[in-house]
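A.B. asks: I'd like to go over a predicted model; first the sequence, then the structure.
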Amino acid sequence: MTTIDSYLEGEWCVGRGKKTALVNPATLQVLGEVSSEGLDMGAAIEFARDRGAGLRAMSFARRGEILGAMSRAIHAHRDELIRLAVANGGNTQKDARLDIDGASGTLAAYADLGALLGDAHVLPDGEGALIGPGGRLFGGHVWVARQGAAVHVNSFDFPAWGLAEKAAVALLAGVPVVSKPATRTALVAHRMMKIFVEEAACPPGALSFIAGSAGDLLDHLLGQDMLAFTGSGDTGWLLRGGRSALAHSVRVNVAADSLNAAVQGPDVQDGSDLQSLLLDDVVRDMTQKAGQKCTAIRRVYVPKGREDDALERLRERLAAVKVGNPALAEVTMGPLATSEQLTDVRRGVLRLQTSGQIVFGSTSQVAPIGDGVSRGFFMSPVLLFNAAPEPTDAAHTREVFGPVATIMPYDGSAAHAAFLVRAGGGGLVSTVYSDDRAFVRDLVRRIAPFHGRVTVSSSGLVGQALPPGTALPQLIHGGPGRAGGGEELGGRRGLAFYMQRVALQGDRSFIEGLLRSE
Ligand code: NAP
């Protein structure tokens, strides 16, 4: 059994008191234990803040080199990390690869951005302008690294990617990181942290790691600090309203729930390649990580009169899903990550049933394959059908974070599709499947303000499209409203959260020099 230790003030340390067990959710085998009780969170965050000067003294290119080393280090341990994700996260091999490769890929992408930004220490923001009549008074904007620490609180579903995608952006901006994974699936993030410390030559204080609960960490946040949180909306609201966060105007980024939608355009023929792409995306999102993925499609809108065909084809695909111990190669869907998750998803399906009916699967009947799985947190995929969707229905108001989706008809117009998509209250990503340019344009314009990302899947992309649920370092990840109102990644755009944009005004001969990026 592994003791999951924290890395604070440049030392590995273990909390005292009652420990929380980390288990294999398929077999309930205990894999490790953790406690953060008694750890000095105030000293840890102060240490990180203090060491930020070292990072800020480096150029973007030098920081990029560090990210490159971190990416290579975890890639070299890919197989080991995948095994840990299978054991502690209930991931299939494929699920685990998405997380681990997403982590190394995002670090590599930000390493490349560092090289591109070169020897600079600050980032110019547009052109300056003369602001007075005399020809000397000049003003402009520049981004500089903030002098606090970046506290990262992550969700249980992507322990590797969650750590890496946030750390990559903060470190490139020149800000030290204190990262806290969700406790129950922390094994992968913990091993990654060991690898970073031992093999990636991270500068002292650049990365700290809290295993176990956050304790009073957030009470120590000050005005130059940043809090980036990924998790449930309820926790996000709590943290955003924390005493220190409010008192010191701490920058807070929340990435929370999302009821991501897929819309089948009226032009998409039953049995066409484009319809197949949509249905494959739905089934992948229902089963990958057992549906525990923030970008998973939860709502599928199909033109009225075409529901039976889509339902039939989805049933066929879902019947081929093999639920069981993800250590077995033939298993295509593992268990939910925790017993609390299983209970929550079952409750959520009951809510969805108030305005829909189950047309595939069940919350109570499942026959997982593999040894020792009788007490595991398994559930079958559940597909629901809601024949007359209304904005107040649970499918539009409640995220069920598991292998669950709801099919609903719309009247075939972009206006009605948008009316229903918007009822989700703001999301991370929604996808339009259509070759009809006028329909796509109309729908995208109507739903864009409610999303962080909109994906358009057309016939020409079949065979080349990336699954819409894949968050990419080049594109922003986040979304308004229900999705938390935050924004991460997006290449250079992501750096803004960790930097201060400052306006400089004065004599043109001074200001132009200050606005340049060295
Ligand atoms: P959660 O229960 O809200 O926990 C998220 C993180 O917050 C964990 O690290 C948790 O630590 C920590 N936490 C909980 N209470 C806290 C407090 N009072 N102070 C400080 N930290 C606290 O969410 P989850 O169950 O892990 O994740 C599932 C949710 O995340 C879903 O709703 C999903 O949609 C969302 N999600 C969103 C995104 C996105 O990018 N938008 C990505 C992935 C997941 P402990 O584990 O120690 O309790």
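C.D. replies: Done, it's in. Keep in mind it's a predicted model, so treat the numbers as computed, not measured.

A.B. asks: need the contact list for the residue in the stretch 151-300 of the chain that the ligand sits nearest to.
C.D. replies: Residue of the stretch 151-300 of the chain nearest the ligand, by Cβ to the nearest ligand atom: residue 231 (2.6 Å). Any C-beta I mention is one placed from the backbone N, CA and C, and that applies to glycine too. Applying Cβ atoms under 8 Å, 6 or more residues apart in numbering, we find residue 231 in contact with 153-155, 182, 255-256.

A.B. asks: ok, so what distance separates residue 283 from residue 332?
C.D. replies: As judged by Cβ to Cβ, to the nearest Å, residue 283 and residue 332 stand 10 Å apart.

A.B. asks: got any residues that touch both of the two?
C.D. replies: Jointly contacting residue 283 and residue 332 under the rule Cβ under 8 Å, 6+ apart are residue 321.

A.B. asks: out of the two, which sits in the busier spot?
C.D. replies: Taking neighbours as other Cβ atoms under 10 Å, residue 283 and residue 332 compare with residue 283 leading, 24 against 19.

A.B. asks: how about the nearest residue to that one, chain neighbours excluded?
C.D. replies: Leaving aside its chain neighbours, residue 283 sits nearest to residue 317 (4.6 Å; criterion: Cβ to Cβ, 6 or more residues apart in numbering).

A.B. asks: Kindly report the same for residue 366.
C.D. replies: Nearest to residue 366 is residue 380, by Cβ to Cβ, 6+ apart, at 4.4 Å.

A.B. asks: pretty sure residue 46 is touching residue 220, no?
C.D. replies: Yes: Residue 46 is within contact range of residue 220, at 7.5 Å (criterion: Cβ atoms under 8 Å).

A.B. asks: more crowded one of the two?
C.D. replies: Neighbours were counted for residue 46 and for residue 220 using other Cβ under 10 Å; residue 220 has more, 20 against 15.

A.B. asks: Distance-wise, check that one relative to residue 371.
C.D. replies: Applying Cβ to Cβ to residue 220 and residue 371 gives a distance of 46 Å.

A.B. asks: Could you export the contacts of residue 231 as TSV, including neighbour count, secondary structure and pLDDT?
C.D. replies: Shown next, in TSV, are the contacts of residue 231 (neighbours: other Cβ atoms under 10 Å; DSSP: H, G, I helix; E, B strand; the rest coil; pLDDT from 0 to 100):
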residue	neighbour count	secondary structure	pLDDT
153	24	strand	97
154	25	coil	97
155	21	coil	96
182	19	coil	97
255	27	strand	95
256	27	coil	94
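
A.B. asks: can you redo those as JSON lines with distance to the ligand?
C.D. replies: Below are the contacts of residue 231 laid out as JSON lines (distance: Cβ to the nearest ligand atom, whole Å):
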{"residue": "153", "distance to the ligand": "5"}
{"residue": "154", "distance to the ligand": "5"}
{"residue": "155", "distance to the ligand": "3"}
{"residue": "182", "distance to the ligand": "4"}
{"residue": "255", "distance to the ligand": "3"}
{"residue": "256", "distance to the ligand": "5"}
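
A.B. asks: for those, which one is nearest residue 450?
C.D. replies: Of all these, the one with the least separation from residue 450 (Cβ to Cβ) is residue 256, at 14.5 Å.

A.B. asks: which ones are touching the closest one?
C.D. replies: 230-233, 236, 482-484, 486.

A.B. asks: If you rank those residues by neighbours, which is first?
C.D. replies: residue 483 (31 neighbours).

A.B. asks: OK, contacts around it?
C.D. replies: 255-258, 426-428, 451-452.

A.B. asks: Least confident of those residues?
C.D. replies: Within the set of those, pLDDT is lowest for residue 257 (91).

A.B. asks: Please name the nearest non-neighbouring residue to it.
C.D. replies: In space, residue 257 is closest to residue 399, 4.1 Å off (Cβ to Cβ, 6+ apart).

A.B. asks: Near that neighbour, how many residues? Count them for me, please.
C.D. replies: 24.

A.B. asks: Check the one 3 residues further on too.
C.D. replies: Applying other Cβ under 10 Å, we find 25 residues neighbouring residue 402.

A.B. asks: do the same with the one 3 residues further on
C.D. replies: Other residues lying near residue 405 total 26 when counted by other Cβ under 10 Å.

A.B. asks: Enumerate the residues of the stretch 351-500 of the chain near the ligand.
C.D. replies: With Cβ under 6 Å from any ligand atom as the criterion, the stretch 351-500 of the chain meets the ligand at residues 399, 401, 428, 483-484.

A.B. asks: quick one: which of those residues is nearest to the ligand?
C.D. replies: The closest of those, once distances to the ligand are taken by Cβ to the nearest ligand atom, is residue 401, at 4.7 Å.

A.B. asks: can you pull the contacts of that closest one?
C.D. replies: Residue 401 makes contact with 157, 257, 291-292, 341, 344-345, 348, according to Cβ under 8 Å, 6+ apart.

A.B. asks: one more time with 6 Å, if that's ok
C.D. replies: Shown in contact with residue 401 (Cβ atoms under 6 Å, 6 or more residues apart in numbering): residue 292.

A.B. asks: if we can go back for a sec, turn the contacts of residue 483 into CSV, including secondary structure.
C.D. replies: Converted to CSV, the contacts of residue 483 look like this (DSSP: H, G, I helix; E, B strand; the rest coil):
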residue, secondary structure
255, strand
256, coil
257, coil
258, coil
426, coil
427, strand
428, strand
451, strand
452, strand
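
A.B. asks: Buried ones among the residues you listed?
C.D. replies: Using 16 or more other Cβ atoms under 10 Å as the burial test, these include 255-258, 426-428, 451-452 as buried.

A.B. asks: all strands for the stretch 151-300 of the chain, in order.
C.D. replies: Ranges of strands within the stretch 151-300 of the chain are 177-180, 207-209, 226-230, 251-255, 260-264, 297-303, based on DSSP state E, counting those that start in this stretch.

A.B. asks: Just the ones of the residues of the stretch 351-500 of the chain next to the ligand in strands?
C.D. replies: The strands, defined by DSSP state E, take in residue 428 from these.
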